[in-house]
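>>> sequence plus predicted model, see below.
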Amino acid sequence: MSLRDQVSRFGDSDAGLSIILAIQMSIVFVVAPLAATEAASVQLVEMLRFGLAVTTILIVARNPALRTALGLTFVATLFVSLHWQLGTTASAIAIAKIVITLAFDVIVATVVACAAFGPGKVTIHRILGAVILYLYVGLIFAGFYRLAVVGFASAFRGLPTGQRAQFSELLYFSLSALTTAGGSDIIAQHPLVRSLSSLEAVIGQLYPATLLARLVTLHASDRVNERA
């Protein structure tokens, strides 16, 4: 029996979505803000991302190509993160770190989307998977904003210096745009960045009202049919 089969004995792919959500919320709402104030180490972030990668590869992902791509991008993120932590501040390393992290997030989001919206019964785990995908929109757009900071000198106004603080602030800006909650002190100045934030706001409004609501409706319908 393979390692993946042994792990799968403790939960199917749907249950793995709940684990991913727990790890993701820990990174977004706890570890990232603490890392910005240096109350949490970068190594803690990497440990959580390792747990995210293992859960996705061994439990959730069913496509061998996606599992391979996810493993390769995770190893690549560790490599560039090591260079960054050792003090290598070259712009090429910074860009590589952002791009590879973006690729990792996109692959995980793709795996989650396949599991949440694929054929089969709609369970509560799949609804949580749709929530994961919603949060990943914020993470992915935060990655694009980080690239904009590197590429455009006047991308934002009010952005602090330091990569840790910038990631936390840009993640906050991204989630504010996604939920249209506002409240961020950062102001997008470059036209492309403004366009990205507008696109994110549109996705943030349409996604819960269409795809997420559809899953909830199907889940409720299944529950009614089971009781009938």
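Received the coordinates, thanks.
>>> wait, what's in contact with residue 114?
62, 63, 66 (C-beta atoms under 8 Å, 6 or more residues apart in numbering). Glycine gets a C-beta too; all of them are placed from N, C-alpha and C.
>>> again, only using 10 Å
Contact analysis of residue 114 by C-beta atoms under 10 Å, 6 or more residues apart in numbering lists 13, 60, 61, 62, 63, 66, 129.
>>> and for residue 176?
138, 182, 183, 184, 186, 197, 200, 201, 204.
>>> for the residues you listed, which one is nearest residue 30?
residue 138 (15.1 Å; C-beta to C-beta).
>>> as a whole number, average confidence for the helix or strand encompassing residue 167?
According to DSSP states H and E, residue 167 maps onto helix 163-179. The average pLDDT within helix 163-179 is 88.
>>> just checking: what are the partner strands of the following helix or strand past it?
Downstream of helix 163-179, the first helix or strand assigned by DSSP H and E is strand 187-188. With DSSP bridges as the test, strand 187-188 is paired with strand 156-157 (antiparallel).
>>> average pLDDT for the strand it pairs with?
91.
>>> skipping its backbone neighbours, what lies nearest the residue most central in space within the chain in space?
Central residue of the chain (C-alpha atoms, centre = their mean): residue 136, 3.4 Å from the mean position. Spatial nearest neighbour of residue 136, excluding adjacent residues (C-beta to C-beta, 6 or more residues apart in numbering): residue 109 at 4.1 Å.
>>> what about the one you found, which helix or strand?
Assigned by DSSP H and E, residue 109 belongs to helix 91-117.
>>> just the angle between that helix and helix 163-179, please?
Angle, helix 91-117 to helix 163-179, by axes from the mean of the first three to the mean of the last three C-alpha atoms, to 10 degrees: 40 degrees.
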